[in-house]
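> Okay, sequence plus prediction incoming.
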Amino acid sequence: MSEHQAAAPAAADPRFRADVLAGLAMRPRAIPARWFYDRRGSELFEEITRLPEYYPTRTETALLHRAVPEVARLCGPGRAVVEFGSGSSAKTPILLGGIAPAAYVPIDISGDFLRDSAAELQQAFPTLPVLPLEADFLRPVTLPGAVDGQPKLGFFPGSTIGNMEPLAAVDLLRAMRGSLGEGAQLLIGIDRVKPETVLVPAYDDAQGVTAAFNCNLLERINRELEGTIPVAHFVHRAVWNDAASRIEMHLEARRDLRFTVAGQSFEIGAGETIHTENSHKYGERGARVLLRAGGWTPIGEWSDDQGWFALILAEAQPFATAP
């Protein structure tokens, strides 16, 4: 290649293309939240976790410090820790440092970000096998052969389970059970219902970082799918849907717009939105029922003093054949 020739852009993920085209064609419009997390999206999310309005990260981090000794007692040493949607693995050292794991398998859809995070964690735990796996954890995954035969501890912090509709959340929990196997355990973070005055600012911060995170999805579409979306004519919206017990994020068109994506034409009217994310909030009983529906039996639970967030340790016990 001569120095005057530009490299061809990498081919877009066909699943990304299919989800975007289908989502823009449906009514109401919606694009799955998992496509937020290209490298830039992952970086912006890490910024979000440090915002003063975003309570989940600091609340869960403090709770994890408090809970780990009891988690270690309940799960025992020598488990392979499998983190679903590992991102920066910021909370992972708290867990790994307290339970004497046999290996660590971070799973994430953003490959570059995953490898960078895994390399940093390997430096922090030089004797621990760190085996990054680039995959969409919403589907059953085949774990590295190096952890075959080892008992597993799934780790799913951040209340990511809340991003899914309850039916999809149950499907994911069942997929996790299938990936980890009977007898495995799962440590999961679940955000609880709380006042709207706390919830909405957490998803619409004063600095506009969450707005940039939401709009980055449109930038990604333009970059990877040859889109012509006028990003500046969309605005971030975060609203509390009490009936569904969830925060919703939308991208709202400021005026009537026409654009193309992957050669297909679309129109959106002023005030119409593209629904990009849900974050469901669960009460105490609802969280336990959700886990049981997914094949996991709660065996330990911890919450902060305000009752804003919960960590639950659950086990994939044999299915009962009778009441």
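Thanks, I have the structure now.

> Name the residues that touch stretch 115-130?
Here stretch 115-130 makes contact (Cβ atoms under 8 Å, 6 or more residues apart in numbering) with 86-89, 92-93, 96, 101-104, 106, 108, 132, 146. C-beta coordinates here come from the backbone N, C-alpha and C atoms, glycine included.

> What is the nearest of these to residue 234?
Residue 234 has its nearest neighbour among these in residue 87, at 25.0 Å by Cβ to Cβ.

> Chain neighbours aside, what residue packs nearest to residue 196?
Spatial nearest neighbour of residue 196, chain neighbours left out: residue 240 (4.6 Å); criterion: Cβ to Cβ, 6 or more residues apart in numbering.

> ok, how many other residues are close to that neighbour?
The tally of other residues near residue 240 (other Cβ atoms under 10 Å) stands at 17.

> contacts for the one helix or strand it maps to?
Element membership of residue 240, judged by DSSP states H and E, is strand 234-241. The set of residues external to strand 234-241 that reach it, using Cβ under 8 Å, 6+ apart, is 196, 199-200, 203-204, 208, 210-211, 214-215, 218, 246-254, 273-274.

> Just the buried residues of those residues.
The neighbour-count criterion (16 or more other Cβ atoms under 10 Å) marks 199, 203-204, 210-211, 214-215, 218, 246-251, 253, 273-274 among the contacts of strand 234-241 as buried.

> which residues of this structure score low on pLDDT?
Applying pLDDT under 70 to the chain flags the ranges 1-10, 87-88, 322-323.

> Would you mind splitting it into its domains for me?
Domain assignment for the chain by automatic domain parsing gives 14-48+197-280, 55-194+282-315.

> isn't residue 131 right up against residue 101?
No - Residue 131 lies out of contact with residue 101 (Cβ atoms under 8 Å); the separation is 11.7 Å.

> what about the helices in the stretch 1-150 of the chain?
Taking DSSP state H, counting those that start in this stretch, the helices of the stretch 1-150 of the chain run over residues 14-25, 39-48, 55-75, 92-99, 111-124.

> Residue 228 contacts residue 259, correct?
Yes - at 4.7 Å, residue 228 and residue 259 qualify as touching, with contact defined as Cβ under 8 Å.

> What's the first helix or strand after the helix or strand hosting residue 279?
Assigning secondary structure by DSSP H and E places residue 279 in strand 273-280. Using DSSP H and E, the helix or strand that directly follows strand 273-280 along the chain is helix 284-293.
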